[in-house]
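Undergrad: the following comprises the amino acid sequence and a computationally predicted model.
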Amino acid sequence: MLYEDENDFFVGSPRSKFFDIIFNANKNLVEDSLEKHVERHVAMEMILRKFADENDINIEAEISTIRAEKQDEIHHAKMDFFISITGDILTQNE
């Protein structure tokens, strides 16, 4: 029978592990990693907004549509994002 051991690193979702790591890892490493990802997000948003303006696209409407139609893909992408940041922090924390 499988059970969850709170001390077992491999138990839990990528999201829960992400929060475990950011609350327990070195604060400076966490801040650096999150800032890097926020800068990347902002840069991508700037590119997207420029493209949307040039092509007369309503970004908020598109986001709402995609969130409604692609819930599974969004969930998997979020888990990949959590794993990526967690990996970045853990490799620097060693």
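TA: Happy to help now that I have it.

Undergrad: switch to C-alpha atoms for all contacts and neighbour counts from now on
TA: Will do.

Undergrad: quickly find the element holding the residue most central in space within the chain.
TA: For the chain, the residue whose C-alpha lies nearest the mean C-alpha position (Cα atoms, centre = their mean) is residue 81; its distance is 3.4 Å. Taking DSSP states H and E as the definition, one finds residue 81 inside helix 71-93.

Undergrad: got the buried residues for that helix?
TA: 81, 82, 83, 85, 86, 88, 89, 90 (16 or more other Cα atoms under 10 Å).

Undergrad: would you turn the residues you listed into JSON lines with pLDDT and distance to residue 67?
TA: Formatted as JSON lines, the buried residues of helix 71-93 follow (pLDDT from 0 to 100; distance: Cα to Cα, whole Å):
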{"residue": "81", "pLDDT": "93", "distance to residue 67": "16"}
{"residue": "82", "pLDDT": "94", "distance to residue 67": "18"}
{"residue": "83", "pLDDT": "94", "distance to residue 67": "21"}
{"residue": "85", "pLDDT": "92", "distance to residue 67": "22"}
{"residue": "86", "pLDDT": "92", "distance to residue 67": "24"}
{"residue": "88", "pLDDT": "88", "distance to residue 67": "27"}
{"residue": "89", "pLDDT": "89", "distance to residue 67": "28"}
{"residue": "90", "pLDDT": "88", "distance to residue 67": "30"}
